[in-house]
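A.B. asks: Generate coordinates for the sequence data below:
(one chain, ligands or ions: 2)
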Amino acid sequence: MSADQTDRIPDEVIKRLQDASRVAVLTGAGVSAESGIPTFRGEDGIWKNYRAEELATPGAFQRDPDLVWEWYHWRRDIVSAASPNAAHRALVRIEEMAPAFVLITQNVDGLHLEAGSREVLEIHGNLRRARCSGCDDTVHLTDEDGLIECGKCGFPMRPDVIWFGEELAPDILERSFAAAANADFFLVAGTSSVVQPASSLAWIAGQNNGFVLEVNLDPTPLTGHADAALPGKAGDVLPRLVEEVWK
Ligand code: OAD
Ligand code: ZN
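C.D. replies: Ligands and ions are numbered 1, 2, ... in the order given. As a prediction, the model looks like this:
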């Protein structure tokens, strides 16, 4: 039996989640890892094998839109072949049980929505959409789509994701900050907690007396500051948490 399975979930974590009126969650690539989608900063992480400045910046898209699209089509193929895992499903269950719930995700794979989560803020966008670089109109991508132009204004379409050096959409950011500030229970799962502004959400929750729980395979800059940290795979730990809280 692995340590994940024997580690007990502290009573305080169970009680705080049971009693919470408003639950908010922040997820990162670790939550999709067990669906076979590579993370960014692990040993086989995307940023170990690819240079972000050549693929995930506005400058990269200006220089070589075909290359950028090719890379996103490759990532979209991986995502299309993947399915939600036990961690996504546990988060759907938490949403069903909590009186109020918001799921903030850095993931662009759309798997939370596919699993059935409803209140989802995709703060870094979604790989399955393209956005016009001129008028911001968005379209859902199909497998046949190559490099396309906007049907409304003729500008090039780009992946609808946030690139390095870009700001998050102000309305989504505002709703995320509000959800963190209002949460009685703030769960951070599968993120290295190094990318701003997402990583500041846990601090905002903590400053507003929210109970902060981290679930992650490895220690992060948040681990020592969270109210509780449960090490392990999200696909193991989150279902166990749900089971303990709502048995
Ligand atoms: P990272 O790759 O930085 O971090 C993933 C975290 O998940 C690491 O701390 C791993 O230890 C942990 N992990 C891996 N497998 C896990 C599992 N099965 N269960 C639980 N934890 C696991 O990914 P993010 O934190 O999501 O930005 O990265 C944040 C942002 O950086 C991404 O959204 C992306 C990237 O550049 C954009 O694309 C804008
Ligand atoms: Zn347009």
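
A.B. asks: Now find how far off-centre the longest strand seen in the chain is within its chain.
C.D. replies: Longest strand in the chain by number of residues (criterion: DSSP state E): strand 125-132. Averaging C-alpha positions (Cα atoms, centre = their mean, to the nearest Å) puts strand 125-132 15 Å from its chain's average.

A.B. asks: So what are the sheet partners of it and their directions?
C.D. replies: Looking at strand 125-132 with DSSP bridges, its partner strands are strand 138-140 (antiparallel), strand 157-161 (antiparallel).

A.B. asks: Can that strand be said to contact ligand 1?
C.D. replies: No: on the criterion Cβ under 6 Å from any ligand atom, strand 125-132 is out of touch with ligand 1, staying 7.6 Å away. (C-beta placed from N, C-alpha, C; glycine too.)

A.B. asks: picking that back up, check the strands paired with strand 125-132 for me and report the most buried one.
C.D. replies: strand 157-161 (a mean of 22; mean count of other Cβ atoms under 10 Å).

A.B. asks: got any ranges where the chain has weak pLDDT?
C.D. replies: Across the chain, the ranges flagged by pLDDT under 70 are 1-6, 143-147.

A.B. asks: Repeat the analysis, applying 80 as the threshold.
C.D. replies: Applying pLDDT under 80 to the chain flags the ranges 1-7, 142-148.

A.B. asks: Around ligand 2, pick out the residues from it.
C.D. replies: 132, 134-135, 137, 150, 152-153, 155 (Cβ under 5 Å from the ion).

A.B. asks: can you do 8 Å?
C.D. replies: 132-137, 150-155, 157 (Cβ under 8 Å from the ion).

A.B. asks: with the residues you listed in mind, which one is nearest to residue 226?
C.D. replies: Minimum distance to residue 226 across the residues of the chain next to ligand 2 is 36.2 Å, recorded for residue 136 (Cβ to Cβ).

A.B. asks: To which secondary structure element type does residue 25 belong?
C.D. replies: strand (DSSP: H, G, I helix; E, B strand; the rest coil).

A.B. asks: thought it was touching residue 189?
C.D. replies: Yes: using Cβ atoms under 8 Å, residue 25 is in contact with residue 189, at 6.7 Å.

A.B. asks: Compare neighbour counts for those two and give me the winner.
C.D. replies: Neighbours were counted for residue 25 and for residue 189 using other Cβ atoms under 10 Å; residue 25 has more, 29 against 24.
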